[in-house]
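A.B. asks: no sequence on this one, just coordinates:
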């Protein structure tokens, strides 16, 4: 079977079996298409012609191009999953990626805003929304909900009106793999969402859509629009690290743990399948504590 056709079949099968998001499916396809192009350049157009050495040469070339360790690790994982699937389907007799190893990634701590910085940022959004401009009112509601419920940007953009219960202060979220969870939010977020639904959404709506958050043209708002909005806000705040919607998620998780929340409760709120993924925030709180200690203790 040709590599390019096998890649198409694999992504389609994975999307059907696991309910992959469009973003994840696109990542698999991008990684494996790059492999197929490299393999074709080595004279290996068929899946049965791919060897472990060829895969290692491909990863080496990727590293020489300057790909980060995390990107190399993702490409390794995509490749191992692809060839394991081909082997299970009996398309290939042996799995050439079985002994393929990725470089160990350096885990950088996520960017987290201080409580005062978060309060000031949200206050600036509410000030901008005071005149009732629809997009400004929407942006305040988006930021409040991102911080209140620690949602992924894809989860926020996928929300429908019926997913939000303003009486109970909960939102029903569809996360990775199509898994649903119910996440609470506080009174400030409830007020911001209520104002958005009353004042802004009717002005933005261009048709019969059930989407909660709408863009300037009346369609469901997209992750890129939310990213640009948040990135613009974070440019004004001192600090290093990524400047996107995930900063609100990281900040919310860290503030919850700082306030004494149970790690497993935070895991459930974030929709992490593994507690180990959530534990990075314990490292964040430890680093913050050490920074405060070293600054304030006379014998630090």
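C.D. replies: Okay, I see it. Predicted model only: the values in this text are computed from it and were never measured.

A.B. asks: gap between the nearest residue to residue 161 once chain neighbours are set aside and residue 163?
C.D. replies: For residue 161, ignoring the flanking residues on the chain, the nearest one in space by CB to CB, 6 or more residues apart in numbering is residue 212 at 5.3 Å. Placement of C-beta: from N, CA and C, glycine included. Residue 212 sits 7 Å away from residue 163, going by CB to CB, to the nearest Å.

A.B. asks: what are the contacting residues of the helix or strand containing residue 121?
C.D. replies: Using DSSP states H and E, residue 121 sits in helix 115-128. With contact meaning CB atoms under 8 Å, 6 or more residues apart in numbering, helix 115-128 is reached by 113, 136, 139-140, 143-144, 147, 188, 192, 233-234, 237, 239, 251, 255.

A.B. asks: which SSE is immediately downstream of that helix?
C.D. replies: Following helix 115-128 in sequence, per DSSP H and E, is helix 134-149.

A.B. asks: could you give me the average pLDDT of that next one?
C.D. replies: Regarding helix 134-149, the rounded mean pLDDT is 96.

A.B. asks: give me the helices and strands touching it, please.
C.D. replies: helix 115-128, helix 153-157, strand 170-174, strand 180-184, helix 187-195, helix 201-204, helix 223-234, helix 246-258 (3 or more CB pairs under 8 Å, 6 or more residues apart in numbering; DSSP states H and E).

A.B. asks: how about those in CSV, adding mean pLDDT and distance to residue 62?
C.D. replies: Listed next are those as CSV, based on pLDDT from 0 to 100; distance: least, CB to CB, whole Å:
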stretch, mean pLDDT, distance to residue 62
helix 115-128, 94, 37
helix 153-157, 92, 26
strand 170-174, 93, 33
strand 180-184, 91, 35
helix 187-195, 96, 42
helix 201-204, 94, 43
helix 223-234, 90, 25
helix 246-258, 88, 24
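
A.B. asks: picking that back up, which two from the contacts of helix 115-128 end up farthest apart in space?
C.D. replies: The distance between the two most remote of the contacts of helix 115-128 (CB to CB) is 24.9 Å, for 136 and 255.

A.B. asks: of the helices and strands packed on helix 134-149, which is nearest residue 32?
C.D. replies: Taking the helices and strands packed on helix 134-149 one by one with CB to CB, helix 153-157 is closest: 21.7 Å.

A.B. asks: which residues are contacting that closest one?
C.D. replies: 21, 23, 142, 145-146, 173-175, 213, 220-223, 226-227, 244-246, 271.
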